[in-house]
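1. here is a sequence with its predicted model. Questions after.
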Amino acid sequence: MKLFLRTVAAAALLVGGPAAAQTYPEKPIRLIVPFNQGGLTSNSARVMVKAIEDNDLLPVPIIVSYIPGAAGTIGARQVKDSEPDGHSALIWHVAANGAQAMGNVDFGPDDFKLVAGTDRQCYMLVVREESEYQTLPELLEAAKANPDTIISADNLGGANHIASVLAEDSLPGARFRHVQFGGTAKTYPALLGGHAEVNATSTSSLSSTSTNGLRVLGYMGPERHPDYPDVPTFHELGYDTEFCMYSWWFMPKDTPEDRVATFRDAMVKAMETDYLREQSVVHGVEHVILTGDELKSAMETEKAKISAIGARLRGE
Amino acid sequence: MDAFLSATGHILTPAPLFWCFLGVALGAIVGAIPGLSGSMLITMTVPLTFFMGSYYDALILLVAMYVGSVSGGLVSATLLRMPGTPSSIMTTLDGYPMAQRGQVGRALGLGITASFVGGLISWVFLIGLSPTLAVWATYFGPWEYFTMVLMALVLIASLSQGSMAKGLLAGFLGMLASMPGVDPSTGMLRLTFGFDSWAGGFSLLPVLLGVFVVSQVLKYIIDAERPVLRIAASNEGIFMSLADWKRQATNLIRSSVIGTWIGILPGIGASIGSICAYTAAKNLSKTPEKFGTGIDDGVVASEAANNATIGGALVPLVTMGIPGSVIDAILIGALLMHNLQPGPLLFVTNPEVPYTIISTHLIANCMMLVVMLLSVKWMSKLILVPTAYLMPIILMFCLIGSYSLQNRPFDVWVTLAFGVIGFVLEKVKVPLAPFVIGFILAVLAESELRSGLMASAGSITPLFTRPVAALFLTVSIFMLVWSFWSDSRGARLRKRDLVE
Amino acid sequence: MNDKRSSGWFEVAVYSALLFIVVSIFWSTLSLPASTREPLGSASIPQIVSVLIGLLCVILIWRTLAEMRPAADPTAEAEDEAVSHRRRTDKAAICLGIAIAFAFALQQRLLDAVILTPAFLLALMLVLNGFRPRTILPSVAIALIVGITTVYAFKNFFYIDLP
């Protein structure tokens, strides 16, 4: 049906000829999601785009392209190198700092224009239901007693790797064996098939897949998550660990400030819609948009935290 | 079962039915035009499916094209003595002589009906085996996947036409071509030779468009002046009589089962299934000397088997994410691009996806029967479209299509480069199918092997201690040794024949 | 005979080129740093595959040369399909050249795609039809219609950023 409508639109354009206006935005904006569909980032992108389009906040459509791979660096590099005319944008998350901190790529958030930060959410640690580890302390003590034996399914350099490292750090001496599996589409089967024991995952990934058979051991947010009232936080269990992240929205570094502002304003307005408020609840993320100084300081905090982990991991 | 019914219900609504019809019809026409193949059509359609809104419709269209294209080949095999698609090569042996004798309608009718029965029987296997296999495959870990990919590569290298060494060379070249860019395990850049544009690697579609389409267009242009003998189609005797059904029943079932089984084996598809079934029918026949002179059994065996491979080939695709044929490899690429990870978990997380594929296979088969029976006369006129007009359009779609994937001129260069590479490789008789399978499976093989090694802290003992992995490994080694042995024996035999 | 000779040399040339490519790939992997987090590292698999390709190339070169030597081998010709028509390698080369020019123009954004694409189609069609007078008119018509429709569709309907 959509195809049909577009055909009609194309036919209409054929008759009417191209529009004459040459102001920003003059053509569709390409938003690159450097991950697979189904995770936090793709959900954030999808609902934001829908809100902007449904409310006509921008005169042009936003085309979402998924370019997954290597903790998002493939898609991100493409945006970094594209024309800084405001027609390409990127949504990324903590991996923007992670990939650079781990030495996987030689670029990071500083090589982009930061537009906004949205959708704060925190990670949690899961095992499969048949696992012998009933509670977080049991798991961490076991990882301390036999370091480097319990397999953690990670996307090396990605958010779940960082979260998993932070989780093991909460008990000094505990060490998982970090094995590359990839994103949620790969780590959940690895857990269910018994090829890995533990995985750090975001609340939205867990609630957006119909996969069951996983047990949540601990939540890495400041307080319990409303959707998982029975899951204790790391704080409650006596570990001083927290890992939450934002969706960062970027544009190429040399994009003119007024164009960035146009896009940002559309996002801020979209954020005020009821639709986005509802969707935040559905996806288990915090309904928030950071701009200005708030945005800068949040980014700086995250960068400091991640580069510390990166330095330690690289030193290993 | 619920998922199957709801998927079927979805397909039976107007829009999906239309896509299914379009796919079957386009597939049959393209399959019938010599020089154009199903792989070409499907590769060129994949970029367009991103604009279809729902990936179910995209899947329906692609699977229907697959079914249509394998069936359409029989028209040109019978009328022109040229296989419209490689999988109809055995049909030329008996279909064309039958047509020459004036039994045009009968030859076409037998082929079409056998195709339908082959598809139907393989579908029974597809729906019967897949859900069980998928449950079993959930327990596959890195080592199982790694050895299975190994097995697929060895199988396709050893069974595709040409020598084993060339098949392996093609497979490894495909693997190597997939390696520049970002390392799938750690995200480090490698083999980019300093070009930033290589950082994303060579994307699947530009490579496929090059290898399958551009190279074939070039080859076709070279041979465009090949003289064509043509027999006009007729509808006389197109419906099989009851006596025919009775006589061909065993042959139909045997050929379909052979085709299905060959299809299930990873990597190899319709052409080999058809050759095996034809050989079996000939060896078991009371009148083997009549094969090749226009015997019913030959047409039936070839066409039942080549259509049966489709259902068979879809089994490893939906259950394990391993391509059963080259077209499956393209379908996997399409699924990945629609952000669906093919594999056992698909039955759990998105059961509607595998069941959409399964029901489309059934419905497309039925549609194929009707469409082909009714339109074969008309189709036979289309197969001689002037290629001087067609080839430029195909080339244009390739180049603009690859550009449109990511708005990058780089992909256009990749398409052209792999077109030339594919052309040259085919010129020296290095088969292209292992190249493509290698290209697609290399990432899986490498990342699974490295995950396995990380999990076992560098030890390779799981290769031997995990039963399924050990089994796959044994099969691969056996196939490798066996085909090198028969390769050299074949060479010796040929030499002896020449001497005598 | 001559034909077989030249195709044999062509094969040897192809395998030698491949050999050269894998050697340079192997060489470029040597500078990749070893990974700290996993046993294999980025370089090992490309190295293994390059070595295997290299080995196969050597085997195939050796085989091809061996097959070329026994000159009294006229029956081997039968393996190739009998060529009864003229092979138009020249046309294929020209078409490839046109395609490369098209890709270059696309990259450099030399011309609007609405002009570029029909021109590309027309050039190919004329070459393939051998500039026969009665094919020129249909060629022009088809090139214009198909080219312009496609470009409009891709630009406005698929939102592709064509020049």
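-> That came through fine.

2. partner strands of the strand or helix carrying residue A:288, with direction?
-> Counting by DSSP states H and E, the element that carries residue A:288 is strand A:286-290. Sheet pairing of strand A:286-290 (DSSP bridges) gives strand A:112-128 (antiparallel).

3. so which elements touch the helix or strand just after the strand it pairs with?
-> Per DSSP H and E, the first helix or strand lying C-terminal to strand A:112-128 is helix A:136-145. Secondary-structure packing of helix A:136-145 (3 or more CB pairs under 8 Å, 6 or more residues apart in numbering or on different chains; DSSP states H and E): strand A:112-128, helix A:159-169, strand A:214-219. The C-beta positions use only the backbone N, C-alpha and C, and glycine is treated the same way.

4. any buried residues in the longest one, and which?
-> Buried residues in strand A:112-128, counted by 16 or more other CB atoms under 10 Å in any protein chain shown: A:112-128.

5. one more: the second one?
-> Applying a neighbour-count criterion of 16+ other CB under 10 Å, one finds A:159-169 buried in helix A:159-169.

6. any residues touching it, and which ones?
-> A:71, A:93-95, A:98, A:123, A:125, A:140, A:143, A:152-155, A:174-176, A:178, A:183, A:187, A:198-202, A:218, A:220, A:234, A:241, A:243, A:245, A:306, A:309, A:313 (CB atoms under 8 Å, 6 or more residues apart in numbering or on different chains).

7. mind doing that once more with 6 Å?
-> A:93-95, A:98, A:123, A:125, A:152, A:154-155, A:174-176, A:200, A:241, A:243, A:309 (CB atoms under 6 Å, 6 or more residues apart in numbering or on different chains).

8. now the strands: where do they sit in chain A?
-> Using DSSP state E, the strands of chain A run over A:29-33, A:62-66, A:88-92, A:112-128, A:151-154, A:177-180, A:198-202, A:214-219, A:244-252, A:286-290.

9. can you list those in a markdown table and add mean pLDDT?
-> Output for the strands of chain A, formatted as a markdown table (pLDDT from 0 to 100):
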| stretch | mean pLDDT |
| --- | --- |
| strand A:29-33 | 83 |
| strand A:62-66 | 77 |
| strand A:88-92 | 87 |
| strand A:112-128 | 86 |
| strand A:151-154 | 92 |
| strand A:177-180 | 89 |
| strand A:198-202 | 89 |
| strand A:214-219 | 88 |
| strand A:244-252 | 86 |
| strand A:286-290 | 78 |
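
10. nearest to residue B:382, out of the ones you listed?
-> Residue B:382 lies closest to strand A:62-66 among these, at 35.7 Å (CB to CB).

11. got the angle between the closest one and strand A:88-92?
-> Orientation check (axes from the mean of the first three to the mean of the last three CA atoms, to 10 degrees): strand A:62-66 against strand A:88-92 gives 50 degrees.

12. how about the residue in the stretch 401-500 of chain B positioned nearest to chain A: what's its closest non-neighbour residue?
-> In the stretch 401-500 of chain B, the residue that lies nearest chain A is residue B:454 (4.2 Å; CB to the nearest CB). Spatial nearest neighbour of residue B:454, excluding adjacent residues (CB to CB, 6 or more residues apart in numbering or on different chains): residue A:179 at 4.2 Å.

13. okay, and the beta partners of the one you found?
-> Counting by DSSP bridges, the residues bridging with residue A:179 are residue A:153.

14. re the thing from before, and the helices and strands packed on helix A:136-145 as TSV, adding distance to residue B:464?
-> TSV is the format used below for these (distance: least, CB to CB, whole Å):
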stretch	distance to residue B:464
strand A:112-128	26
helix A:159-169	30
strand A:214-219	31
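
15. out of these, nearest to residue A:134?
-> Short answer: strand A:214-219, nearest of the helices and strands packed on helix A:136-145 by CB to CB, at 8.1 Å.

16. outside of that closest one, which residues touch it?
-> By CB under 6 Å, 6+ apart, strand A:214-219 touches A:124-129, A:136, A:225, A:228, A:231, A:233-234.

17. looking at those residues, spot the one nearest chain C.
-> For these, the nearest to chain C is residue A:125 (20.0 Å; CB to the nearest CB).

18. between the helices and strands packed on helix A:136-145, which one is nearest to residue B:51?
-> Checking the helices and strands packed on helix A:136-145 against residue B:51 by CB to CB gives strand A:112-128 as the closest, at 26.8 Å.

19. rewinding a little: list the contacts of the strand holding residue A:288.
-> A:116-118, A:120, A:268, A:271, A:277, A:280, A:298.

20. one more time with 7 Å
-> Contact with strand A:286-290 is made by A:116-121, A:246, A:267-268, A:271, A:277, A:280, A:298, as judged by CB atoms under 7 Å, 6 or more residues apart in numbering or on different chains.

21. contacts only, for residue 67.
-> No chain specified, so I'll use chain A. Residue A:67 is in contact with A:32, A:34, A:74-75, A:78, counting by CB under 7 Å, 6+ apart.

22. wrong one, I was asking about chain C
-> residue C:8.

23. what helix or strand is it on?
-> Per DSSP H and E: helix C:41-68 holds residue C:67.

24. give the next helix or strand downstream of that helix.
-> Downstream of helix C:41-68 (by DSSP H and E), the next one is helix C:89-108.
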